[in-house]
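Trainee: Got a predicted structure plus its sequence, pasted below:
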Amino acid sequence: MNLDNALNIDEFLSHAFDGNRYKDWKNVTVSINCECADIPVKVIKKPENKELCDKLVFFFHGAIDRKKRSLPVFEGNFLKNIDIEGALVISIADPTLNISDELGVTWYAGIKDLDLPVFLDYLFKKIIDEINPSKVLFSGGSIGGYPALAHAAKIKNSIVVLRNPILNIKNYFSGHIERYAKYGWSASNLNDIENYVVWDAADCYMKYKDNNVKIIYIQNPSDHHFWMQAVGFLQKINDLNKKDKEYILFISSHHTGYVGHRFPPNEWGRWVKAACEDDTNSVLGIADKYELLRKEDEKDRAYELKVVASEAGFEADEIAIQSKISNL
């Protein structure tokens, strides 16, 4: 994978649309320079030109097993095969993981020498102002749910699609939290950094609830984080009034073959597509759009299976004929 350090935001948008700098843009990773931070990004999907872009989608990755994967890591590649008209999909990698090979997660929440959330807010605002899309959507699974919600909360009328999100840092595995404090902040305990980190992304949402951000929260009920994360989130938003709760849709569904902290990418992608294409501006409208897309996909799948079965039957007939010929 190629890595070009580092473009300013205008150069990045030129890379995203005109293709003059990078012909093979799907296989190129670049860094955007925001003041003193170089943020690795990758364009997952894009329209043919800037004028056709009316939707912006930002993706964030989850925890990384540093023994198995090298940095940077990008989420959202499953959207490449899902048609979303007019969507520019940008995947953001967490640059703070580079400070130590011992770190598998930093939640995009910043470290001692880099207030990453501030730079990401700046980056998103600049891109949104330049594109002026009709819809802005953030999405992340697991750890990636934290930055997705934290940054979406600050963008008025945006949408966030969360997949098995880890929103509360303190309700995660203690080893990861301790390493984050040690390597990210040179701190021996969480008390030393209590005032520097937003520990629960739901607090960001509550703080900016007047921005009318819509939340689609999709959750595997067999996820081992369910009780500490999903239930904790639901308890917190219970303090919202009835009107504010209308912006939140929580869906817990089981999918065969996906047990624990897993979720089928095609389902996640369908929710993102539904959120992009819904024209009702409501979470129930997004759910209706999702159901319509699901039925269409099932119909297409049934047709594909019918064709495959038909072709298989034809092949079986051919084999039978050849067998008879060979016995003559």
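Mentor: Arrived safely.

Trainee: The host helix or strand of residue 59 packs against which elements?
Mentor: Take DSSP states H and E as the rule and residue 59 turns out to sit in strand 55-60. On a contact count with 3 or more CB pairs under 8 Å, 6 or more residues apart in numbering; DSSP states H and E, strand 55-60 meets strand 87-92, helix 116-131, strand 135-141, helix 145-152, helix 265-277. Glycine gets a C-beta too; all of them are placed from N, C-alpha and C.

Trainee: Need the winner for burial among these.
Mentor: helix 145-152 (a mean of 27; mean count of other CB atoms under 10 Å).

Trainee: Just want the angle from the longest strand seen in the chain to helix 116-131.
Mentor: In the chain, taking DSSP state E as the definition, the longest strand is strand 37-45. Relative orientation of strand 37-45 and helix 116-131, computed by axes from the mean of the first three to the mean of the last three CA atoms, to 10 degrees: 50 degrees.

Trainee: Mind listing residues that contact strand 37-45?
Mentor: 3, 5-6, 12, 15-16, 25-26, 28-33, 57, 59, 71-72, 74, 76-77, 79-80, 84, 87-93, 95, 114, 116, 119-120, 123 (CB atoms under 8 Å, 6 or more residues apart in numbering).

Trainee: Give me the sheet partners of that strand and which way each runs.
Mentor: strand 28-34 (antiparallel), strand 87-92 (antiparallel) (DSSP bridges).

Trainee: Pull the distance from that strand to the chain's centre.
Mentor: 13 Å (CA atoms, centre = their mean, to the nearest Å).

Trainee: Need the mean per-residue confidence for it.
Mentor: The average pLDDT for strand 37-45 rounds to 87.

Trainee: got the angle between that strand and strand 55-60?
Mentor: Using the same axes, to 10 degrees: strand 37-45 against strand 55-60 is 120 degrees.

Trainee: show me what contacts residue 193?
Mentor: 181, 185, 187.

Trainee: Please convert the buried members of these into PyMOL selection syntax.
Mentor: A single PyMOL command suffices to select whichever of these are buried according to 16 or more other CB atoms under 10 Å:
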select buried, resi 181+185+187
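
Trainee: Of the contacts of strand 37-45, grab the buried ones for PyMOL.
Mentor: PyMOL command restricting these to the buried ones, with burial defined by 16+ other CB under 10 Å:
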select buried, resi 6+12+15+16+25+28+29+30+31+32+33+57+59+72+74+76+79+84+87+88+89+90+91+92+93+95+114+116+119+120+123
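
Trainee: downstream neighbour of the helix-or-strand element of the chain with minimal mean pLDDT in the secondary structure list?
Mentor: Using mean pLDDT, DSSP states H and E, strand 2-7 stands out as the lowest-scoring helix or strand of the chain, at a mean of 58. Next in sequence after strand 2-7, counting helices and strands by DSSP H and E, comes helix 9-17.

Trainee: Put the alpha carbons of that next one into CSV.
Mentor: Provided in CSV are the C-alpha atoms of helix 9-17 (Å, rounded to 0.1, in the frame of the first residue of the first chain):
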residue,chain,number,x,y,z
ILE,A,9,-7.2,19.3,3.0
ASP,A,10,-7.5,20.9,-0.4
GLU,A,11,-4.9,18.5,-1.9
PHE,A,12,-6.8,15.6,-0.3
LEU,A,13,-10.1,16.6,-1.9
SER,A,14,-8.4,17.0,-5.2
HIS,A,15,-7.0,13.5,-4.8
ALA,A,16,-10.5,12.3,-3.8
PHE,A,17,-12.2,13.6,-6.9
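
Trainee: I'd guessed residue 208 sits against residue 154; true?
Mentor: Yes - taking contacts as CB atoms under 8 Å, residue 208 lies within contact range of residue 154: 5.6 Å.
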